Structure formats: structure tokens, C-alpha cells
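Engineer: following is a predicted model, sequence given first.
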Amino acid sequence: MSKWTKAFYTTATPSLNSFDWKQIATLPSDYNITDFKKLHVDSGFPVPTDYYGKHFKTTKTLPAALNMKENIRKPVRKAGPQANHRSAAATIWAVSHSPSTFSEAPLAWSGVFFVKGEVYINSNTGRVMWSMGFQDWAAMGVRLASFEKDGKYFFILDPTFDVPLWVTCAELSNTTWKHIPARLLAPCMCPDDLACHGCLLESTGVAQDAVEAGIKVGLFLKKQYLVDLHKALNIHFPTSGTDKKNRLGKEDLATSVVRHFYGDDAPEEQHRMVMAIMGKTKKGVKCPAEVLGCMEGLDEDNRMELGPLKKLAQEEQDRISDSKKENNIRATSDGDYLQKHFTPQELKDLLPPLPGCSITRHPIFKRYQGFYPSVIQGSICRSWGGKRATRSEVDALALVVDWIWESYYSEHPATDEMPSMGMLRKIVQSYDANTGKKIAPAPVAAAATLSSSSSSSSGSVGNLVGVVAPASVAAAEPKAAAKKAAAKTLAADAKAVAKAAVAKAALAMAKAAQPEHLQPAPKRQRRS
């Protein structure tokens with residue numbers, strides 16, 4: 001805090017008017033006279049002003065036991081509007097509950113049912129409040145004035161109150177504050193004699209307990225709050241949970257509370273309330289289709305004026321449609337993989353016959369990951385095609401497969417053989433490297449179909465030859481390139497086999513030189 005801020009707060013406080021303390025007003029002239037020094041009348045030397053000594057300087061050294069510097073620099077609480085609201089709420093709660101010796105402190109959290117943006121009425125005093133949200137100890141609200149018109153109730157901001165309300169609660173049943181369902185009305189939707197007030201809130205239903213209404217509206221609750229609700233309202237605790245160890249979780253308690261209040265509602269509505277309690281409510285525009293429908297009913301001039309709004313609504317509607325399509329994507333067969341990070345079925349054929357083994361492939365991150373049970377290092381991850389990991393995809397897959405099989409051989413030394421390098425190369429080449437989809441087989445050449453058909457005249461045969469010949473010539477080049485690539489692959493395989501044979505012979509010689517009891521168990525070699 002700067003000196004001027006300190007000076008303002010410590011000298012402009014009304015409570016200091018009764019003391020012999022020079023007050024600083026918020027005028028430029030007053031700030032100017034508080035310059036630290038002024039010229040002496042006789043000598044002309046600068047001397048401290050009266051304000052300087054009073055406000056920013058002490059004539060005595062403070063005792064070290066006060067720890068002034070340490071206490072000043074120590075943060076007491078977080079700063080900001082939300083922190084100020086919480087501090088004010090705690091102060092209001094402490095002042096209002098001091099006569100009861102704070103016996104209702106364990107239920108101070110029940111104010112969470114004052115949902116932000118909802119209307120509440122005090123059943124004892126008739127006071128109506130528009131909630132601005134709960135702040136840990138108390139709920140802040142705005143006083144509303146009510147009007148009755150044709151059997152309907154309307155609410156506006158009460159112009160006679162210029163300060164917010166603070167409301168505390170310590171009830172979970174038969175609450176004093178009741179919830180009133182209401183909707184916001186635009187001026188064009190208001191009665192003629194009330195349109196002068198601008199936007200109104202119209203009551204759309206009967207008053208209801210704050211707890212029951214809060215569950216219906218949808219709000220986030222902590223797990224301990226749900227436990228307290230079960231105890232206070234005598235709600236039967238679930239006998240078992242839904243996790244693997246049958247432990248009761250937050251979702252089980254939330255489902256129990258929702259079924260207690262709204263057990264007759266549709267399953268979709270109950271699921272919405274449970275997800276709100278869990279804090280998993282999806283946010284987004286809910287009415288782009290309605291906006292587009294309204295746009296279609298406008299005339300041409302207004303439709304052109306609201307073109308940007310229509311564009312935004314259309315983009316939101318397209319986004320919702322695309323998200324639904326993505327959620328409904330499923331593979332139509334074992335070889336049709338539509339998800340980019342989906343692991344092809346062929347990788348499962350590379351695993352040993354042991355439950356718990358798995359291989360995953362992520363083409364976006366360019367990595368393979370293998371999992372093996374009952375080992376200290378339970379997984380391995382190898383990447384390809386990166387700045388540091390410059391290996392090929394086949395090599396990355398081979399490292400993962402080798403690790404899994406070596407772990408398997410350590411427990412099952414006399415069983416199956418690990419897959420060959422050729423099998424790994426064939427699998428990698430069988431699907432697209434970017435999308436993970438199975439590469440579709442090449443279509444059968446038209447020449448094969450044409451040659452199988454019989455011809456009755458030499459002219460027709462000549463015509464067929466004239467049509468097929470260009471395609472055959474065009475297909476010759478990729479065939480030659482494929483043969484050349486196959487030859488390179490065979491040469492590389494032969495070279496790898498030769499290196500493996502040399503390494504195997506060297507390893508056998510090294511093992512023979514060791515004592516028998518120090519020789520490690522033999523490992524299986526990959527077949528080429």
C-alpha cells in the first residue's frame with residue numbers, strides 16, 4: 001500500500017474527527033501542501049512540514065517485540081471483491097449469531113441453497129429478495145418490490161433500498177425463506193401499466209422450500225453437505241456404492257438425495273440434477289435453433305440487419321450438431337477405426353497370451369505405449385518421428401513389443417515365440433499413419449474384368465485392347481516402384497538377420513567364458 005493510500009485511509013476516516021489529527025481532504029491543493037519539505041522563512045533551508053511529521057514519520061523507535069515489518073508484510077487473506085464479500089459475510093454471520101453462542105455454526109453452509117439469480121421470499125415478514133449468490137457464510141441479495149396484476153405477481157428492484165441484503169440460514173427443512181420460481185420479462189412482454197419499470201420478474205409457480213427448490217434448479221454441493229442432508233432429513237443411505245470396491249461416493253449420495261425429493265421425475269431429469277450436484281453441468285447456448293427459427297419469421301430488411309446474430313446462432317447450431325455426430329461415431333467393423341487415437345485390432349495379435357497386457361497407439365503424439373502386469377515398471381512408452389526420437393514407427397513398436405515379451409519370458413520361459421519383424425512392419429503398413437484408419441484395399445484393375453469377358457469379333461477385341469492398354473501402361477510404373485521397395489525391404493531384413501546372427505554368436509562366446517552359475521537365463525530372439 002502506497003503512502004498516499006495509507007494517508008487517505010488513516011486520516012480521512014470520520015472516526016478520527018474527534019482526535020487532534022490533521023485531516024487530509026481529497027483535493028489537489030491539500031495533496032500539494034503535504035509535500036515533505038518547505039522553505040524556512042528566515043534561513044531559506046527546506047524543513048519538514050507539519051503534515052510530514054504527523055502522517056509519515058515517528059519520533060520514537062518502535063519496540064522490536066511488535067514485529068511491525070513482519071506483520072505488515074504478512075498477507076492476512078486474499079484480496080479482491082470475492083474475498084471482501086466472504087469477509088463481509090463472515091462478519092454478518094458472527095454478529096447475527098452472537099446471542100446464540102454460535103450453536104448454529106455447523107449449519108451455516110445451508111445458505112448454499114440461495115441459488116444465484118433466483119427469487120426468495122421470507123414467509124414470516126414477506127420480504128422478497130433476488131439472490132446474488134452464497135458467500136461461504138451468508139447470501140447476498142437485492143431487495144425486490146412486488147406488484148399484483150390479474151392474479152399474477154411481478155417483481156422489480158426496490159428503488160427505496162440502495163444497499164444489498166445479507167441473509168443467513170441454519171435450516172434444512174421447513175425453511176423460513178421460500179423459493180419462488182420466476183422468469184425475466186422484457187419490456188414488450190410486461191403489462192402496459194408496468195412497462196415503465198423496464199424488465200420485470202414474473203412469478204411462474206408456488207413458493208417452495210429452499211432446499212427442495214435448490215436441488216431442482218441445480219446447484220453444486222460438497223460431499224459433506226450431502227452427508228449432512230442425509231442425516232438431517234433422515235434420508236436412507238445407500239447400502240453399497242458403484243465403484244469397484246462398493247464404497248459410497250459422492251455420486252451415490254447425490255443420486256440418493258435426488259431420488260428422495262424427485263423420485264417420480266423422468267430419469268433424464270434426475271440425471272441432470274445429479275450432474276449439477278457433481279459440478280458436471282454443460283455450459284453453452286441452449287437455443288440456437290429457436291433463434292434461427294425467429295430469424296426466418298422476420299422480413300427481409302430486419303433479417304439483413306440481424307445477419308451477424310444469425311451467423312452466430314448458425315455456428316453454435318453447427319457446433320452442437322458436430323459434437324453429437326462425434327459422440328455417435330462407432331467403428332462399423334474391426335478394421336474400420338474412426339477415432340484418431342484408436343488402437344487397431346491387429347496390435348492385440350502381438351501380445352503374449354496373458355490377461356492385462358495391452359498396447360496403445362496415438363498417431364497424433366506419435367507414440368506406442370505398452371502395459372504389462374506384475375512388474376515394478378508397469379508400462380513403457382516409445383515415440384517415433386520426433387526431434388529427439390528420430391526412430392521409425394516400426395522401431396518404436398518393436399521396442400514396446402520386445403519389452404512386453406521379455407517381461408513375459410521372465411515368468412514363462414518355455415512358451416510362445418514373440419512376433420517377427422516382418423509381422424510388425426506389415427501391421428504398421430496396414431493403416432494410415434495420421435488417422436489410424438485401415439487403409440482400404442486397392443480396387444481390382446479394370447483389365448482383369450475386361451479380359452474375363454468373352455468377345456465374338458476381332459473388332460471388339462481391338463476396341464477392348466485400345467481401352468485397356470493405356471491403363472496397363474500407367475499401372476506399370478507403381479508396380480516397378482513397389483518391387484523396388486520390396487527388394488530394399490528384403491535387403492534390410494537380410495542385413496538385420498546377419499547382424500543378429502553376429503550378435504548372437506558374440507553373446508554365446510561371452511556366456512561360455514562365464515561360470516555356469518553366473519550365466520543369465522536365455523532370452524527368446526525375434527524371428528525376422
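Structural biologist: The structure has been received and is ready for your questions.
Engineer: got the domain ranges for this structure?
Structural biologist: Residue ranges for the domains of the chain, per automatic domain parsing: 3-63, 95-278, 288-327, 345-428, 490-528.
Engineer: measure the second one end to end?
Structural biologist: Chord length of domain 95-278, first to last residue, is 33 Å (C-alpha to C-alpha, to the nearest Å).
Engineer: hang on, R319 in a helix?
Structural biologist: Yes - using DSSP: H, G, I helix; E, B strand; the rest coil, the secondary structure at R319 is a helix.
Engineer: distance of it from A313?
Structural biologist: Distance, R319 to A313, using C-beta to C-beta, to the nearest Å: 11 Å. All C-beta atoms are positioned from the backbone trio N, CA, C, and that covers glycine.
Engineer: format the domains of the chain as a markdown table; extra columns: distance to P81 and mean pLDDT.
Structural biologist: Formatted as a markdown table, the entries for the domains of the chain read as follows, by distance: least, C-beta to C-beta, whole Å; pLDDT from 0 to 100:
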| stretch | distance to P81 | mean pLDDT |
| --- | --- | --- |
| domain 3-63 | 18 | 59 |
| domain 95-278 | 10 | 87 |
| domain 288-327 | 30 | 74 |
| domain 345-428 | 41 | 80 |
| domain 490-528 | 65 | 58 |
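Engineer: quick check: I277 touching K216?
Structural biologist: No - the pair formed by I277 and K216 falls short of the contact definition of C-beta atoms under 8 Å, at 11.4 Å.
Engineer: and those two? Which one has more around it.
Structural biologist: Neighbours of I277 and K216, each counted by other C-beta atoms under 10 Å, are more numerous for I277; the result is 25 against 20.
Engineer: next up, the contacts around the nearest residue to that one once chain neighbours are set aside.
Structural biologist: Excluding the flanking residues, the one nearest I277 by C-beta to C-beta, 6 or more residues apart in numbering is A254, at 4.1 Å. By C-beta atoms under 8 Å, 6 or more residues apart in numbering, the residues touching A254 are 221, 226, 274, 277-278.
Engineer: which of those residues tops the neighbour count?
Structural biologist: The residue in the contacts of A254 with the most neighbours, by other C-beta under 10 Å, is I277 (25 neighbours).
Engineer: is that one in a helix, a strand, or coil?
Structural biologist: helix.
Engineer: now do the same contact list for it.
Structural biologist: Remark: with contacts taken as C-beta under 8 Å, 6+ apart, I277 is in contact with 215, 218-221, 226, 250, 254, 257-258.
Engineer: what about the nearest residue to V291 once chain neighbours are set aside, helix or strand, and which?
Structural biologist: By the measure of C-beta to C-beta, 6+ apart, the closest residue to V291 outside its immediate chain neighbours is A313, 4.1 Å from it. If you go by DSSP states H and E, A313 is part of helix 307-327.
Engineer: packing partners of that helix?
Structural biologist: Packing partners of helix 307-327 (3 or more C-beta pairs under 8 Å, 6 or more residues apart in numbering; DSSP states H and E): helix 288-296.
Engineer: dump the following helix or strand past the helix it packs on to CSV, restricted to CA.
Structural biologist: Proceeding C-terminally, helix 288-296 gives way to helix 300-305 as the next helix or strand, assigned by DSSP H and E. Backbone C-alpha positions of helix 300-305 (Å, rounded to 0.1, in the frame of the first residue of the first chain) are rendered in CSV as follows:
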residue,chain,number,x,y,z
GLU,A,300,-36.1,-9.0,-45.4
ASP,A,301,-34.8,-5.7,-44.0
ASN,A,302,-34.7,-6.8,-40.4
ARG,A,303,-33.2,-10.1,-41.4
MET,A,304,-30.3,-8.3,-43.1
GLU,A,305,-29.8,-6.1,-40.1
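Engineer: wait, which of the contacts of I277 is closest to V291?
Structural biologist: Nearest to V291, judged by C-beta to C-beta, of the contacts of I277 is G218 at 23.0 Å.
Engineer: just the strands in the protein please.
Structural biologist: Taking DSSP state E to define them, one finds strands in the chain at 37-39, 46-48, 119-122, 128-134, 139-149, 152-157, 165-167, 177-180, 182-185, 200-203, 208-209, 358-362, 367-371, 379-383.
Engineer: adding distance to A389 and mean neighbour count, write those out as a markdown table.
Structural biologist: What follows is the strands of the chain, written out as a markdown table (distance: least, C-beta to C-beta, whole Å; neighbours: other C-beta atoms under 10 Å):
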| stretch | distance to A389 | mean neighbour count |
| --- | --- | --- |
| strand 37-39 | 68 | 11 |
| strand 46-48 | 70 | 12 |
| strand 119-122 | 60 | 22 |
| strand 128-134 | 50 | 21 |
| strand 139-149 | 55 | 18 |
| strand 152-157 | 63 | 17 |
| strand 165-167 | 60 | 20 |
| strand 177-180 | 59 | 22 |
| strand 182-185 | 57 | 15 |
| strand 200-203 | 61 | 20 |
| strand 208-209 | 61 | 18 |
| strand 358-362 | 13 | 18 |
| strand 367-371 | 8 | 20 |
| strand 379-383 | 4 | 17 |
